[in-house]
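Student: I would like the atomic coordinates for the input below:
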Amino acid sequence: MKAHNKWLTAPLAAGLAAATLSGCGTEKDAGSGGGGTVVVGMSDEVLATDPAAGYDPGSWLLFNNVFQSLLSFPKGATVPQPEAAEQCDFDKGASTVYRCTLREGLKFSNGNPLTAEDVKFSFERALKIDDPDGPGPLLSTIDKIETPDDKTVVFTLKVPDATFPSKIASGAGSIVDHREYPADSLRADGKAIGSGPYKLDSFDDEEAVFAVNPEYKGTAKVKNSGVTLRLYQGDRKALAEALTNGDVDVAYRGLASADIKELNGSPTAGQKGIEVIEGSSAEVQHLVFNMKDPVAGKLGVRKAIAHLVDRDALVQDIYQSTATPLYSIVPAGILGHNTAFFDRYGDRPQPDKAKKALQDDGIKDKVKITLYSTPSRFGPGTDEQIKAIAKQLNDSGLFEAEAKSVEYDQYEKDIAAGKYGVYVKGWVPDYPDPDNFTQPFFGEDNVLGNHYENKKITGKIIPDTAAAADRSSAQEDFGKLQNMVADDVPLLPLWQAKQYAVAYNTVTGLEWTLDASTVFRFWEIKKG
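Tutor: Modelled structure (predicted):
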């Protein structure tokens, strides 16, 4: 799993994996919907065009529009439905055998047929290459893949995994043409050949041009004649200026919270026809504690911090209400969410309870502690947020806290080396299931790097919940897990983001691109 290469909600329906997934329609569904070309700007980079390598938001945006997966998440949905597949389901009485039948007549954008051989090749290739920034961890439960015929793919899993359909509905399930991609190395020419609604006409550091793929056959109904994606390489000011100057129709991912607040309801923006579209998100951010640190490793210190952090102040003052306070590791809108940290530590600073937590752990003096952040990876405001948290702790009179900012590469190396006691980590889900907010965070080599171990969680709860085909039946166990984490405090949930796009009022459909699946659906956007 990723530490946070992806930047970052309706309730998850029961029976995610138990139900047979059947597709509808077999006609070619692409082709211009009559709208013009839409110009979208974002400050994220697109780090990869090969699905075996990319795990960042920009790359997955490309994958979700250029490549097909067997399943996909329809707009507003948290349950995957057939896409390149006509039908997928687990074999009866065999919770480790997942079988998919492909649609008739699938083709890649180059005209080559897409068959079961390509599906098998794509998954085995990603696992073989095992790129450190690739999707391999999401596919780790695959034992073998068989193709009885050109239309049938059979996955045999190592262990029961009810979330497998959601995993392969993500960018990790992108299907590539076996004739166009090397089996044991990454494609190096920056091109992409898929069977999705769009084909990639050109790509460089500044711009990616997507044309409608006339060979596409699936569920998407394309409402534009193409999309040009302009990349502002982390320059949020340039992105904001491009929008107000009319150089882009849509600004997505990367506007600072202050820019969003200024544009939302601004008379000037209104006169120009600029609107802010808000959507749901499951992106979260946590304050993480190194359990082996001589200071942060003490339970009393962690509980004291939990009693003192004022999330409302962080959300209002630093993030301009573009996020909401979060009180558990599973965010609101995801199955099983509870408010375990609110129930134990409240929603306002409580210095008396913090002092008692320290005293109960034998701590009488002021606690000297350093809080670490990185300026570029976890979004605008992260450094200011960590300074604000340090001030909240110091205002209690119980801490002598300081904040330090470290560039991302060094930050990750230092966390891996155990040099930090307290640090920030963000998380954007691969798929909207509580499993993706729990399993990656616990056990050996967890993505937080905080040395937290709880054998009840890793040995019992996570395997049991992963095997629950009826996801609603796992809700009680996910509640127990969240309560255990709130008792041990290996991390402190801070906030859950909202998603935004800012666009001219001539653009429609953006509300269908901003949901917990994190799929930005080019085909839903129309300019007219």
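Student: Going by C-alpha atoms from here, please, whenever you check contacts or count neighbours.
Tutor: Noted.
Student: so what's residue 512 up against?
Tutor: Taking C-alpha atoms under 8 Å, 6 or more residues apart in numbering as the contact definition, residue 512 lies against 75, 76, 521, 524.
Student: which of those residues sit farthest apart?
Tutor: With distance counted by C-alpha to C-alpha, no two of these lie farther apart than 76 and 524, which are 11.9 Å apart.
Student: how close does the closest residue to residue 448 other than its chain neighbours sit to residue 453?
Tutor: Distances taken as C-alpha to C-alpha, 6 or more residues apart in numbering put residue 441 closest to residue 448, at 6.0 Å, once the chain neighbours are dropped. Residue 441 sits 10 Å away from residue 453, taking C-alpha to C-alpha, to the nearest Å as the criterion.
Student: do the same with residue 72
Tutor: Plainly put, residue 72 is 34 Å away from residue 453 if you go by C-alpha to C-alpha.
Student: of the two, who's got more company?
Tutor: Neighbour comparison, residue 72 and residue 453: the larger count goes to residue 72, with 28 against 15 (by other C-alpha atoms under 10 Å).
Student: partner residues bridging the more buried one?
Tutor: Beta-bridge pairing for residue 72 (DSSP bridges): residue 81.
Student: Do I have it right that it meets residue 85?
Tutor: No: at 9.6 Å, residue 72 and residue 85 do not qualify as touching, with contact defined as C-alpha atoms under 8 Å.
Student: Just the CA trace of stretch 55-72, in CSV.
Tutor: Extracted in CSV, the C-alpha atoms of stretch 55-72 (Å, rounded to 0.1, in the frame of the first residue of the first chain):
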residue,chain,number,x,y,z
TYR,A,55,0.1,5.3,-7.8
ASP,A,56,-0.3,9.1,-7.7
PRO,A,57,-3.6,11.0,-8.2
GLY,A,58,-2.5,12.5,-11.6
SER,A,59,-1.6,9.1,-13.0
TRP,A,60,-4.8,7.4,-11.8
LEU,A,61,-6.8,10.2,-13.4
LEU,A,62,-5.1,9.3,-16.7
PHE,A,63,-5.6,5.5,-16.1
ASN,A,64,-9.3,5.9,-15.2
ASN,A,65,-10.0,7.7,-18.5
VAL,A,66,-7.7,5.9,-20.9
PHE,A,67,-7.8,2.3,-19.7
GLN,A,68,-10.7,0.0,-18.8
SER,A,69,-10.9,-2.2,-15.7
LEU,A,70,-13.1,-5.3,-15.5
LEU,A,71,-15.3,-3.3,-13.1
SER,A,72,-15.7,0.4,-12.3
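Student: Just the mean pLDDT for that stretch, thanks.
Tutor: Averaging the model's pLDDT scores along stretch 55-72 yields 94.
Student: And stretch 483-496, by the same measure?
Tutor: For stretch 483-496, the mean confidence score works out to 98.
Student: which parts of it are buried?
Tutor: Of all the residues in stretch 483-496, those buried under the rule 16 or more other C-alpha atoms under 10 Å are 483, 484, 485, 486, 489, 490, 491, 492, 493, 494, 495, 496.
Student: coming back round to it: in terms of model confidence, name the weakest of the contacts of residue 512.
Tutor: Looking at pLDDT alone, the contacts of residue 512 dip lowest at residue 76, where the score is 82.
Student: does that residue count as helix, strand or coil?
Tutor: Secondary structure assignment for residue 76 (DSSP: H, G, I helix; E, B strand; the rest coil): coil.
Student: give the contact list for residue 305.
Tutor: Taking C-alpha under 8 Å, 6+ apart, we find residue 305 in contact with 354, 393.
Student: Okay, strands next: where are they in the stretch 201-350 of the chain?
Tutor: Remark: strands assigned in the stretch 201-350 of the chain by DSSP state E, counting those that start in this stretch are 207-212, 226-231, 250-252, 274-279, 284-289, 323-325.
Student: For residue 368, which of those is the nearest?
Tutor: Each of the strands of the stretch 201-350 of the chain was checked against residue 368 via C-alpha to C-alpha, and the shortest separation belongs to strand 284-289, namely 14.5 Å.
Student: What lies in contact with stretch 513-520?
Tutor: Outside of stretch 513-520, the residues within contact range by C-alpha under 8 Å, 6+ apart are 8-10, 61, 64, 73, 75-78, 278-282, 429-432, 499-500, 521-522, 524.
Student: Buried members of those residues into ChimeraX, please.
Tutor: Applying 16+ other C-alpha under 10 Å to these leaves a buried subset, and the ChimeraX line that selects it is:
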select :8,9,10,61,64,73,75,76,77,78,278,279,280,281,282,429,430,431,432,499,500,521,522,524
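Student: and the contacts of stretch 513-520, which of them are in helices?
Tutor: 61, 64 (DSSP state H).
Student: Of the buried residues of stretch 483-496, which is the nearest to residue 401?
Tutor: Residue 401 has its nearest neighbour among those in residue 492, at 16.5 Å by C-alpha to C-alpha.
Student: Apart from its neighbours in sequence, what residue is nearest that closest one?
Tutor: residue 287 (5.0 Å).
Student: just the helices in the stretch 401-528 of the chain please.
Tutor: When secondary structure is read from DSSP state H, counting those that start in this stretch, the stretch 401-528 of the chain shows helices at 408-416, 455-456, 462-466, 475-488.
Student: From the contact counts, what lies against the longest one?
Tutor: Going back to what we said before, that points to helix 475-488. Packed against helix 475-488, as judged by 3 or more C-alpha pairs under 8 Å, 6 or more residues apart in numbering; DSSP states H and E, are the following elements: helix 340-345.
Student: following the helix it packs on, which helix or strand shows up next?
Tutor: Counting by DSSP states H and E, the next helix or strand C-terminal to helix 340-345 is helix 351-360.
Student: now that next one, how far from the centre of its chain.
Tutor: What separates the centre of helix 351-360 from the centre of its chain is 36 Å, taken as C-alpha atoms, centre = their mean, to the nearest Å.
Student: could you dump the contacts of residue 512 to a markdown table with distance to residue 359?
Tutor: Below are the contacts of residue 512 laid out as a markdown table (distance: C-alpha to C-alpha, whole Å):
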| residue | distance to residue 359 |
| --- | --- |
| 75 | 51 |
| 76 | 48 |
| 521 | 53 |
| 524 | 57 |
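Student: shaky segments in the protein?
Tutor: Within the chain, the set of residues satisfying pLDDT under 70 comprises 1-34, 379-380, 443-444.
Student: tell me which element residue 143 is part of?
Tutor: Secondary-structure assignment from DSSP H and E places residue 143 in strand 142-149.
Student: Sheet partners, orientation included, of that strand?
Tutor: Sheet pairing of strand 142-149 (DSSP bridges) gives strand 152-157 (antiparallel).
Student: secondary structure class for the residue of the chain most remote from its centre?
Tutor: Of all residues in the chain, the one whose C-alpha sits farthest from the chain's mean C-alpha position, using C-alpha atoms, centre = their mean, is residue 364 at 41.2 Å. What three-state DSSP gives for residue 364 is coil.
Student: For the closest residue to it other than its chain neighbours, give its distance to residue 185.
Tutor: Among residues not flanking residue 364 along the chain, residue 358 sits closest, at 7.0 Å (C-alpha to C-alpha, 6+ apart). When distance is defined by C-alpha to C-alpha, residue 358 is 53 Å away from residue 185.
Student: The two: who's more crowded?
Tutor: residue 358 (23 against 15).
Student: Please report how far the more buried one lies from residue 138.
Tutor: Taken as C-alpha to C-alpha, the spacing of residue 358 relative to residue 138 amounts to 40 Å.
Student: Residue 217 now?
Tutor: From residue 217 over to residue 138 (counting by C-alpha to C-alpha), the distance is 26 Å.
Student: Comparing these two, which shows the higher neighbour count?
Tutor: Taking neighbours as other C-alpha under 10 Å, residue 217 and residue 138 compare with residue 217 leading, 26 against 21.
Student: thought the more buried one was touching residue 106?
Tutor: Yes: under the criterion of C-alpha under 8 Å, residue 217 makes contact with residue 106 at 6.2 Å.
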